[in-house]
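*Asks:* How does the following fold in three dimensions:
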Amino acid sequence: MSKGKLKEIEIESGVPGIELTEGRAVVHLRKDQGVFYNPVQCFNRDISTAVINEHLRQRKEFIIENNKTTWDPQASILEALAASGLRSIRYALEIDSDVVKEIVANDISKSAVESIRKNAELNSVSDKIRPNLGDAILYMHQSRAENRLFDVVDLDPYGCAAKFLDPAVQVVQGGGLICVTATDMAILCGNSPETCRAKYGSIPLKSKFCHEMALRILLCSIESAANRHGRYIIPLLSLSVDFYIRVFVRIETSAKTVKHSSSKMALVYCCNHCENFHLQPMGTVVTEANRTGFKNARGPPIGSHCENCGSTFTLGGPIYTDPIHNKDFVSRLRASLRGATQLETTDLPNFEANRNSTDEIIPLRGDVKQDPASKFQTLRRMQGMLSVVSEELSDVPLHYAQEKLSQVLRTNSLPMLKLRSALLNAGFRVSSSHTNRSSVKTDAPQDVVWDIMRQWVIDQNKDKPRDPPAAMVISRPIKTRVNFTERPDAIAPSMKDKTLRFQINPERNWGPKVRATARDDVEEKRKRLQGKKKKRREGAQAKGDHGASLASSLDEGDDLHNQLKKSRHEEEVSVETKGKTL
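*Replies:* Below is the predicted model:
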């Protein structure tokens, strides 16, 4: 038996299990049932709790200030894919009690729903949590048909989230919040562009800005789903974390505003060598004499070859190009976390660990349920990431990468401080992106960025031989007055404060984990299919010789099918073994 937050226990007589403590919740999980839990996503649950709590606080303030007497100040939450129910239990325990009325924890697995029910009782939140057995998509459509709408819909699926978006944007109240996780980052970051287009409706690009592009593809997909129902999105917070992305968007209803959506989306032209990128809006909004009109966009924004290095372009998108964070919301969220203390994480993976950090984790003091600041095990990371997010240039889609700029020119890396200072000295804005530690977001034209790099090459090693694309970039005349004098404001506040901006891998072999398989469902299927051939023969004999002959043929077909499955499995095992040997 281990000590701390993960503990082996006996749930029932002779039934081994695990007691898990996360935040204020304590849940018991049976080892013989495939209830899904991934400790690396502790940050996901922490930030979700904080975001939903802040959103519902603002909702209650709006109801009171605008005298919305017909609105219920207490909200309803739907976790459509609840699995162990840990997330719902944490919401019930940690979100302000005066803003939450009911939490529906839905799952398609009987064992998961039973686990939710028992753990809700264990945490004394049965009055708030309503377990529900059902298919998530079907349940959301049924709720919409019965006009049972939710103020918050949380989607945390295994893999792709696309199929859940259409029912989710319908079942949420106007002004409600949708929280979406997507873990299929290989698809969203460009490994299978055709699959991404089929699922999300966009083509990703393999580039240094692929993680931010993944966020914008997901937001574009949610916006498109909402538009089909006369709705649109307002992103509150969009995060790329570890192996997944997580977005929080408010859903509003307005047929007039939906018409603006085409101007919020754009195709992306990305150079295959230097990764210069250009955006092609899908539409434009024209305002004349207090009248707003909508027109098709003009394009393309660039020629067939990159004006910087002469290489060809790859086309991707569409992506969402409006701000992916709401600065006012992020500011209030950061304020709500100030003064909080770090929850002790004795035996769970130390998500806050940084090999170069000497900061201590502040131990938990007093009763957890009475300490409002002791909810989060990943508090330092939350504060650090929100700090970087608050500094991002919200009106600048995508970014450059410091190392890519130097790689293209085959030169020594230009220090980040000098690069940021040069952009500021030229009269432009600059920031980082939380999606990439070497990112450079700026409103400077691309010619200015490359003029800075050309000047850096001249100052460093102008006589070094280079390949044709690099030579072409360097040969262009410098039109910008470049000044590398370091500026104090080139150092971001999050860097000065030494917040936990980017962290190392959370634990060994971290990742999305294997999809859970409910053993009771497998057992039911085994019992249902047991004796299938015998039952078929007995039924056929009752119908006569023709029926018996047909049953015999079906049995032979089943046997052949099973033999083929066994043969394929043996071939796959053989190939896998050879691959491991090689």
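*Asks:* okay, CA-based contacts and neighbour counts for the rest of this
*Replies:* Fine.
*Asks:* gap between the closest residue to Q383 other than its chain neighbours and M385?
*Replies:* Once flanking residues are discounted, Q383 sits nearest to R334: 6.8 Å by Cα to Cα, 6 or more residues apart in numbering. Distance of R334 to M385, given as Cα to Cα, to the nearest Å: 10 Å.
*Asks:* how about the one helix or strand A226 maps to as CSV, C-alpha atoms only?
*Replies:* Assigned by DSSP states H and E, A226 belongs to helix 210-227. Provided in CSV are the C-alpha atoms of helix 210-227 (Å, rounded to 0.1, in the frame of the first residue of the first chain):
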residue,chain,number,x,y,z
CYS,A,210,1.4,23.9,-35.9
HIS,A,211,0.1,23.9,-32.2
GLU,A,212,-1.4,27.4,-32.5
MET,A,213,-2.9,26.4,-35.9
ALA,A,214,-4.4,23.3,-34.2
LEU,A,215,-6.2,25.6,-31.7
ARG,A,216,-7.4,27.8,-34.5
ILE,A,217,-8.6,24.8,-36.5
LEU,A,218,-10.6,23.5,-33.6
LEU,A,219,-12.1,27.0,-33.0
CYS,A,220,-13.0,27.2,-36.7
SER,A,221,-14.8,23.9,-36.5
ILE,A,222,-16.8,24.9,-33.4
GLU,A,223,-17.6,28.3,-35.1
SER,A,224,-18.9,26.5,-38.2
ALA,A,225,-21.0,24.1,-36.1
ALA,A,226,-22.5,27.0,-34.2
ASN,A,227,-23.1,29.0,-37.4
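*Asks:* Other residues contacting that helix?
*Replies:* Helix 210-227 is contacted by residues 162, 165-166, 169-170, 185, 188-190, 200-202, 204-205, 232-233, 235, 238-240, 245, 247, 251, 258, 261, 265, 317-321, 324, 398, 435-436 when judged by Cα atoms under 8 Å, 6 or more residues apart in numbering.
*Asks:* Narrow those to those in helices?
*Replies:* Among the contacts of helix 210-227, the ones falling in helices (DSSP state H) are 162, 165-166, 169-170, 185, 188, 200, 258.
*Asks:* Tell me the buried residues within the residues you listed.
*Replies:* Buried by 16 or more other Cα atoms under 10 Å: 162, 165-166, 169-170, 185, 188, 200, 258, out of those.
*Asks:* Is it possible to get the residues you listed out as CSV so that each row also shows distance to T378 and pLDDT?
*Replies:* Putting those into CSV (distance: Cα to Cα, whole Å; pLDDT from 0 to 100) gives the following:
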residue, distance to T378, pLDDT
A162, 28, 96
L165, 28, 98
D166, 32, 98
V169, 30, 98
Q170, 32, 98
M185, 22, 95
L188, 26, 97
Y200, 30, 98
V258, 37, 95
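*Asks:* What about S143, how many residues nearby?
*Replies:* 16 (other Cα atoms under 10 Å).
*Asks:* Which of the helices or strands spans it?
*Replies:* Counting by DSSP H and E, the element that carries S143 is helix 136-145.
*Asks:* ok so, going back, what sits against the residue nearest to Q383?
*Replies:* Contacts of R334 (Cα under 8 Å, 6+ apart): 383, 386-387.
*Asks:* Out of those, flag the one nearest to P73.
*Replies:* Distance to P73, by Cα to Cα, is smallest for L386 among the contacts of R334, at 27.5 Å.
*Asks:* Show me how far the host helix or strand of that closest one is from its chain's centre.
*Replies:* Secondary structure from DSSP H and E places L386 in helix 379-391. A distance of 16 Å separates the centroid of the chain from that of helix 379-391, by Cα atoms, centre = their mean, to the nearest Å.
*Asks:* just checking, what packs against the very next helix or strand once past that helix?
*Replies:* Counting by DSSP H and E, the next helix or strand C-terminal to helix 379-391 is strand 400-401. The contact analysis (3 or more Cα pairs under 8 Å, 6 or more residues apart in numbering; DSSP states H and E) places strand 400-401 against strand 436-442.
*Asks:* Can you dump the C-alpha atoms of the strand it packs on in PDB for me?
*Replies:* Provided in PDB are the C-alpha atoms of strand 436-442 (Å, rounded to 0.1, in the frame of the first residue of the first chain):
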ATOM      1  CA  ASN A 436       6.000  27.400 -28.400                       C
ATOM      2  CA  ARG A 437       8.800  28.600 -26.100                       C
ATOM      3  CA  SER A 438      10.800  30.000 -29.000                       C
ATOM      4  CA  SER A 439       7.800  31.700 -30.600                       C
ATOM      5  CA  VAL A 440       7.800  35.400 -31.800                       C
ATOM      6  CA  LYS A 441       4.500  37.100 -32.400                       C
ATOM      7  CA  THR A 442       4.700  40.500 -34.000                       C
END
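*Asks:* Run through who's touching the next helix or strand after that strand.
*Replies:* Remark: after strand 436-442, the chain's next helix or strand is helix 446-461, criterion DSSP H and E. Around helix 446-461, the neighbours that count as contacts under Cα under 8 Å, 6+ apart are 276, 308, 405-406, 409, 411-412, 414, 419, 422-423, 473-474, 478-480, 482.
*Asks:* tell me the average confidence for helix 446-461?
*Replies:* Across helix 446-461, pLDDT averages out at 92.
*Asks:* Now it: buried residues?
*Replies:* Buried residues in helix 446-461, counted by 16+ other Cα under 10 Å: 448-457.
*Asks:* Just want the angle from that helix to strand 436-442.
*Replies:* 120 degrees (axes from the mean of the first three to the mean of the last three Cα atoms, to 10 degrees).
*Asks:* Around R231, how many other residues sit close by?
*Replies:* Other residues near R231 number 22, with proximity taken as other Cα under 10 Å.
*Asks:* Not counting residues beside it along the chain, what's closest to it?
*Replies:* T253 (4.3 Å).
*Asks:* Burial check on that neighbour, number of neighbours?
*Replies:* T253: 17 surrounding residues under other Cα under 10 Å.
*Asks:* surely it meets K259?
*Replies:* No. Between T253 and K259 there is no contact under Cα atoms under 8 Å: 11.8 Å.
*Asks:* if we can go back for a sec, what's the angle between the helix holding A226 and strand 436-442?
*Replies:* 70 degrees.
*Asks:* And helix 210-227, how far out from the chain middle?
*Replies:* Counting by Cα atoms, centre = their mean, helix 210-227 comes out at 11 Å from the chain centroid.
*Asks:* One more: stretch 29-47?
*Replies:* Distance of stretch 29-47 from the chain centroid (Cα atoms, centre = their mean) equals 16 Å.
*Asks:* do stretch 151-165 as well
*Replies:* 10 Å.
*Asks:* Also stretch 182-190?
*Replies:* 10 Å.
*Asks:* So which residues make contact with it?
*Replies:* 156-161, 192-193, 195-196, 203-206, 210-211, 213-214, 217, 243-246, 512.
*Asks:* Can you tell me which of the buried ones among the ones in helices among the contacts of helix 210-227 is nearest F329?
*Replies:* Proximity of those to F329 (Cα to Cα) peaks at V169, which lies at 20.8 Å.
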